[in-house]
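Trainee: I'll drop the sequence and a predicted model, then ask my questions.
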Amino acid sequence: AQSVTQPDIHITVSEGASLELRCNYSYGATPYLFWYVQSPGQGLQLLLKYFSGDTLVQGIKGFEAEFKRSQSSFNLRKPSVHWSDAAEYFCAVGAVDSNYQLIWGAGTKLIIKP
Amino acid sequence: NAGVTQTPKFRILKIGQSMTLQCTQDMNHNYMYWYRQDPGMGLKLIYYSVGAGITDKGEVPNGYNVSRSTTEDFPLRLELAAPSQTSVYFCASSYSAGSEQYFGPGTRLTVT
């Protein structure tokens, strides 16, 4: 069965510093991978997705993620965070043989220090 | 363009009561989903639909029912509410199975 692990429940980063949020998945074949962001009291918004091809994926708001098959990882990065990036970030996995139903990680809450 | 709308935003139910959570999308998406979000647990899929008249169970369907009579609407019915159904419920839609899911703002439900 597919599973998604986000090892960090909370991460605190200073404004202007770089960010990396970890996501590991368990699946036999190459899954479809997503990062979503949830601002307080809001629904979720897609940041980026990986289906195939170039393993470095660019998303909105200056985020990028790199798919590493050998490590079963899809970590999210941003070179310089802004206070407005404070939110909860979710990694999700989908696959053809599950009709693309998404399995979600538990989320990582990003806290920005001024 | 409203996207995905959900009503109500908040609701408190007593144990054993029933209610319907409404979800409407105006993007002509075929796929619609209902999730629940519990603290520290991520999202769990309750039900989904691949088009009008077609629905299927997700990971946690017990205690819920859905219908999809139109492309736009995908209501979620809770029968005999239980405290375990206290959660935030999100409706989402997508153009196709693997494409971006667009989320509504959520309904915070408390069952006491």
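Mentor: Good, I have the coordinates.
Trainee: contacts and neighbour counts: CA atoms only from here.
Mentor: OK.
Trainee: right, is stretch A:84-99 up against chain B?
Mentor: Yes: contact of stretch A:84-99 with chain B (CA under 8 Å from any CA of the partner chain) involves A:90, A:94, A:99.
Trainee: can I have that stretch written out in PDB, keeping just the CAs?
Mentor: Extracted C-alpha coordinates of stretch A:84-99, given in PDB (Å, rounded to 0.1, in the frame of the first residue of the first chain):
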ATOM      1  CA  SER A  84       3.800  35.100   4.100                       C
ATOM      2  CA  ASP A  85       5.000  31.500   3.600                       C
ATOM      3  CA  ALA A  86       3.900  30.600   7.100                       C
ATOM      4  CA  ALA A  87       1.400  27.900   6.500                       C
ATOM      5  CA  GLU A  88       1.000  24.100   6.600                       C
ATOM      6  CA  TYR A  89       2.500  22.100   3.800                       C
ATOM      7  CA  PHE A  90       1.200  18.700   2.600                       C
ATOM      8  CA  CYS A  91       2.800  16.200   0.400                       C
ATOM      9  CA  ALA A  92       0.500  13.700  -1.400                       C
ATOM     10  CA  VAL A  93       1.000  10.700  -3.600                       C
ATOM     11  CA  GLY A  94      -1.300   9.300  -6.300                       C
ATOM     12  CA  ALA A  95      -1.000   6.300  -8.700                       C
ATOM     13  CA  VAL A  96      -2.600   5.000 -11.800                       C
ATOM     14  CA  ASP A  97      -3.600   1.700 -10.200                       C
ATOM     15  CA  SER A  98      -5.500   3.500  -7.300                       C
ATOM     16  CA  ASN A  99      -7.400   5.700  -9.800                       C
END
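Trainee: Phi and psi next, for residue A:18.
Mentor: Main-chain dihedrals, residue A:18, degrees, to the nearest 10: phi -80, psi 160.
Trainee: ok, it - contacts?
Mentor: Shown in contact with residue A:18 (CA atoms under 8 Å, 6 or more residues apart in numbering or on different chains): A:77-81.
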